[in-house]
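S.K.: output the structure for:
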Amino acid sequence: MNYVLYGEEQYLLQESLTRIVRNHVPDANELNKLVYDADTTDLDVILEDAMTIPFFSDCKIILVYHANFLSAANEHAVDTAALERYLDEFPSEYYMYPAALAVFLDEPLESTVLVLIGDFEKLDARKKIVKKVQKTCKVLQYRKLDEQGKQSYVQEQVKKRSLQIEPSAMQALLRRLPLDIRTIQMEMEKLELYGGVISSDVVERLVTRPLEEDVFQLVNAVVDRDLRKSFHMWQDLCVLNKDAIYLIALLAAQFRFLYEVKALMLHGKGKDAIKDELKAHPYRVQLAMKTVQRLGIGYLMHILEQLATLDQNLKAGRLDKKLGFEMFLLGIQGVRQ
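M.R.: As a prediction, this is how the structure comes out:
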């Protein structure tokens with residue numbers, strides 16, 4: 001059995017990969033567990049290893065990372081003809097070595113497990129090699145969480161860990177947790193160690209407040225034209241060793257969300273319709289709708305343009321991050337909301 005594992009949710013992907021290795025090659029060692037990077041190694045070299053018999057074992061496993069030739073985003077042309085022939089149960093004309101031919105004519109797929117791994121979003125169904133792996137391999141996709149997926153996953157974890165959590169605490173927990181399974185796992189472990197009934201206060205004390213929440217507070221300070229609070233919050237975030245360019249990107253993402261909410265409101269959309277359109281948490285949509293009630297869409301667009309300019313200046317090294325943010329704040333003070 002050969003596999004293709006791909007998707008942006010790397011935590012679940014790695015969990016599945018661990019199970020595959022354990023199930024197929026429980027005694028895997030360095031000789032029977034081979035790891036390659038498709039970005040730096042030709043497929044011919046990888047497949048040559050695939051056609052050798054395991055070392056004192058019934059099976060060997062070959063992990064091929066960065067199998068980006070399966071996606072549309074791949075920038076480099078890769079000759080996949082050899083892989084296609086390999087997946088076609090090793091026709092005799094492919095083999096260069098008689099010994100390998102003899103082995104694989106008897107049991108062409110059972111002694112080697114080939115696992116192609118990628119962090120891309122989707123396969124390119126137009127490619128011949130993709131059609132081949134879909135036909136001959138077990139293909140597993142790991143999508144990045146959305147709000148609905150996060151809610152389902154957290155509920156599963158609460159049940160699995162037998163946690164007692166109040167309804168209001170569950171809502172607070174969902175608001176605090178990011179769309180990242182690794183982080184969710186760590187936060188759930190803390191709640192499991194707590195042991196008692198989990199209230200909203202417990203969630204506030206134990207669950208790490210996401211950076212996005214601090215950025216949202218910064219957005220509110222900017223909108224309120226509170227220079228002192230805005231700058232102090234910016235300084236606090238920078239002191240926490242958060243990269244200035246990354247923070248600008250988060251700030252822009254929050255304002256972009258406000259812009260999208262405002263645009264949908266202007267088209268007569270209500271909270272439920274906006275939630276579905278933007279695939280966002282209802283609470284986040286509710287807060288955004290409240291914030292943009294007093295803001296014009298032109299003002300929000302101006303903020304986004306100014307943030308784009310700031311981002312370019314910081315990346316080019318034309319501005320210090322402290323001075324750059326001060327100039328951004330001063331530059332939007334006179335703009336009509």
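S.K.: tell me the spacing between L258 and D49.
M.R.: Going from L258 to D49 by C-beta to C-beta, to the nearest Å gives 53 Å. Heads up, the C-betas are built off the backbone N, CA and C, glycines and all.
S.K.: more neighbours: these two, which one.
M.R.: L258 (24 against 14; other C-beta atoms under 10 Å).
S.K.: where in the stretch 101-250 of the chain is pLDDT low?
M.R.: Scanning the stretch 101-250 of the chain for pLDDT under 70 picks out 101-109, 240-242.
S.K.: so which residues of it form helices?
M.R.: 128-136, 147-160, 167-176, 181-194, 200-206, 211-223, 227-239, 244-266 (DSSP state H, counting those that start in this stretch).
S.K.: tell me the buried residues in the last one?
M.R.: Spelled out, that is helix 244-266. Residues of helix 244-266 classed as buried: 244, 247-248, 250-252, 254-255, 257-262, 264-265 (neighbour count, 16 or more other C-beta atoms under 10 Å).
S.K.: other SSEs contacting it?
M.R.: Judged by 3 or more C-beta pairs under 8 Å, 6 or more residues apart in numbering; DSSP states H and E, helix 244-266 is in contact with helix 211-223, helix 227-239, helix 271-278, helix 282-292, helix 297-315, helix 321-331.
S.K.: again, only this time at 7 Å
M.R.: When contacts are defined as 3 or more C-beta pairs under 7 Å, 6 or more residues apart in numbering; DSSP states H and E, helix 244-266 packs onto helix 211-223, helix 271-278, helix 282-292, helix 297-315.
S.K.: which among the helices of the stretch 101-250 of the chain is found nearest to A316?
M.R.: For A316, the closest of the helices of the stretch 101-250 of the chain is helix 244-266, at 10.9 Å, according to C-beta to C-beta.
S.K.: angle of the closest one against helix 282-292?
M.R.: 80 degrees (axes from the mean of the first three to the mean of the last three C-alpha atoms, to 10 degrees).
S.K.: I'd like the helices of the stretch 101-250 of the chain as CSV, with distance to L319 appended.
M.R.: Output for those, formatted as CSV (distance: least, C-beta to C-beta, whole Å):
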stretch, distance to L319
helix 128-136, 45
helix 147-160, 35
helix 167-176, 33
helix 181-194, 32
helix 200-206, 37
helix 211-223, 18
helix 227-239, 14
helix 244-266, 10
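S.K.: for E305, which of those helices is the nearest?
M.R.: Taking C-beta to C-beta, helix 244-266 is the member of the helices of the stretch 101-250 of the chain nearest to E305, at 10.1 Å.
S.K.: can I see the domain layout of the protein?
M.R.: 2-142, 147-206, 211-331 (automatic domain parsing).
S.K.: on that earlier part again, redo the helices and strands packed on helix 244-266 as TSV? Include mean neighbour count and distance to Q333.
M.R.: Listed next are the helices and strands packed on helix 244-266 as TSV, based on neighbours: other C-beta atoms under 10 Å; distance: least, C-beta to C-beta, whole Å:
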stretch	mean neighbour count	distance to Q333
helix 211-223	18	10
helix 271-278	15	29
helix 282-292	18	18
helix 297-315	17	11
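S.K.: right, and those - which one's nearest K135?
M.R.: The nearest among those, by C-beta to C-beta, is helix 271-278 at 35.8 Å.
S.K.: just checking, what packs against the closest one?
M.R.: Where contact means 3+ C-beta pairs under 7 Å, 6+ apart, helix 271-278 is packed against helix 244-266, helix 282-292.
S.K.: please repeat the previous calculation with a cut-off of 6 Å.
M.R.: helix 282-292 (3 or more C-beta pairs under 6 Å, 6 or more residues apart in numbering; DSSP states H and E).
S.K.: residues contacting the helix it packs on, please?
M.R.: Residues from elsewhere that reach helix 282-292 (C-beta atoms under 6 Å, 6 or more residues apart in numbering): R175, L258, V261, K262, K271, I274, K275.
S.K.: and the nearest residue to L173 once chain neighbours are set aside, how far is that from K159?
M.R.: The spatially closest residue to L173, leaving aside those adjacent along the chain, is V203, at 5.1 Å (C-beta to C-beta, 6 or more residues apart in numbering). For V203, the distance to K159 equals 17 Å [C-beta to C-beta].
S.K.: so between those two, which is more surrounded?
M.R.: For V203 versus K159, the count of surrounding residues by other C-beta under 10 Å is larger for V203: 24 against 9.
S.K.: who are the contact partners of that one?
M.R.: V203 makes contact with A169, A172, L173 under the criterion C-beta under 6 Å, 6+ apart.
S.K.: nearest to D146, of the contacts of helix 282-292?
M.R.: Using C-beta to C-beta, the contacts of helix 282-292 come closest to D146 at K275, 11.4 Å.
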